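**Student:** Attaching a predicted model along with its sequence, questions to come.
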2 protein chains.
Amino acid sequence: MKPGETVTALIRANEARDVDAVIALLTDDVAYENVPIGVLTGHEEVRAMLGPFLGGAERVEWEVLEQVEQGEVVMNERVDRFWLPGNITIELRVAGLFKVRDGQVALWRDYFDLAVFTEQMNG
Amino acid sequence: MKPGETVTALIRANEARDVDAVIALLTDDVAYENVPIGVLTGHEEVRAMLGPFLGGAERVEWEVLEQVEQGEVVMNERVDRFWLPGNITIELRVAGLFKVRDGQVALWRDYFDLAVFTEQMNG
């Protein structure tokens, strides 16, 4: 897989709310940073955060507006949408950066405005 | 110039606090969006916002961590630093998307966390 295809597979695994598939696409020492929140390091930390969040969602859709890659670096512009129980809908505009190593993502940083996320979470 | 070179020139013009050079690198109908804030359209609106901000800064430095391009689309990951009067220093982590047309930027979107910016602006 080319780096961009690895990232596309990662997006699809999130949309499928399949945390095992997400983890399989990350290196053991992955650094996953939601930039305004903080860094998760390694499979266990990512699973502990993403598992409940994806598992608790009724539907997840990450629309990729643009995706460009050069060497090991992939960047994309997305609209991430989450449908959560209690009629909560989250729509978040995100720019992501990924570094891919041998078909797995070693670095993943998502840039977004945290207040837009928390305001929607709190209805 | 390749699209990535146009974007690099745009970064440099901002660092030089040269609003005329910035404007010259944007199409007449440019859409410049600070995603958590809003869209500026066309030279006049961009100049009205950027002119005073860049002109008022003592120093501007935009560190490009990564930049990738494919076709007309350029994306970069940056740390934008501003030194403003009154000992205000702003350091903002940004992901930018640019679409380049004939050597000028027609679309420019910067993704960042607004609270990080406003907290630093307010000291």
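**Tutor:** Received, thanks.
**Student:** Just the C-alpha atoms of stretch A:93-110, please, in CSV.
**Tutor:** Extracted in CSV, the C-alpha atoms of stretch A:93-110 (Å, rounded to 0.1, in the frame of the first residue of the first chain):
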residue,chain,number,x,y,z
ARG,A,93,-13.6,20.5,10.3
VAL,A,94,-10.2,18.8,10.6
ALA,A,95,-6.8,19.0,8.9
GLY,A,96,-4.7,15.8,9.5
LEU,A,97,-1.0,15.0,9.1
PHE,A,98,0.2,11.4,9.0
LYS,A,99,3.6,9.8,8.7
VAL,A,100,3.5,6.3,7.3
ARG,A,101,6.2,3.6,7.9
ASP,A,102,5.9,0.3,6.1
GLY,A,103,2.2,0.4,5.7
GLN,A,104,1.4,1.7,9.3
VAL,A,105,0.8,5.2,10.6
ALA,A,106,3.6,6.2,13.0
LEU,A,107,2.5,9.8,13.5
TRP,A,108,-1.0,11.2,13.3
ARG,A,109,-1.9,14.8,14.2
ASP,A,110,-5.4,16.3,13.8
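**Student:** Provide the contact partners of it at residue level.
**Tutor:** Stretch A:93-110 is contacted by residues A:1, A:3, A:6-7, A:10, A:25-27, A:29-35, A:72-80, A:111-113, A:116, B:35, B:66, B:75, B:77, B:95-97, B:109, B:111 when judged by Cβ atoms under 8 Å, 6 or more residues apart in numbering or on different chains. Any C-beta I mention is one placed from the backbone N, CA and C, and that applies to glycine too.
**Student:** List only buried entries from those residues.
**Tutor:** Burial by neighbour count, judged by 16 or more other Cβ atoms under 10 Å in any protein chain shown, picks out A:3, A:6-7, A:10, A:25-27, A:30-35, A:73-78, A:80, A:111-113, A:116, B:35, B:66, B:75, B:77, B:95-97, B:109, B:111 from these.
**Student:** Okay, and which of those residues map to strands?
**Tutor:** Those of the buried ones among the contacts of stretch A:93-110 mapping onto strands are A:26-27, A:30-34, A:73-78, A:80, A:111, B:66, B:75, B:77, B:95-97, B:109, B:111, per DSSP state E.
**Student:** Tell me the spacing between A:I90 and chain B.
**Tutor:** To chain B, A:I90 is 15 Å away according to Cβ to the nearest Cβ, to the nearest Å.
**Student:** which residues does that residue bridge with?
**Tutor:** A:F82 (DSSP bridges).
**Student:** Ok, A:E63 next?
**Tutor:** Under the criterion used (DSSP bridges), A:E63 bridges to A:V79.
**Student:** so who does it touch?
**Tutor:** By Cβ under 8 Å, 6+ apart, the residues touching A:E63 are A:R78, A:V79, A:D80, A:R81.
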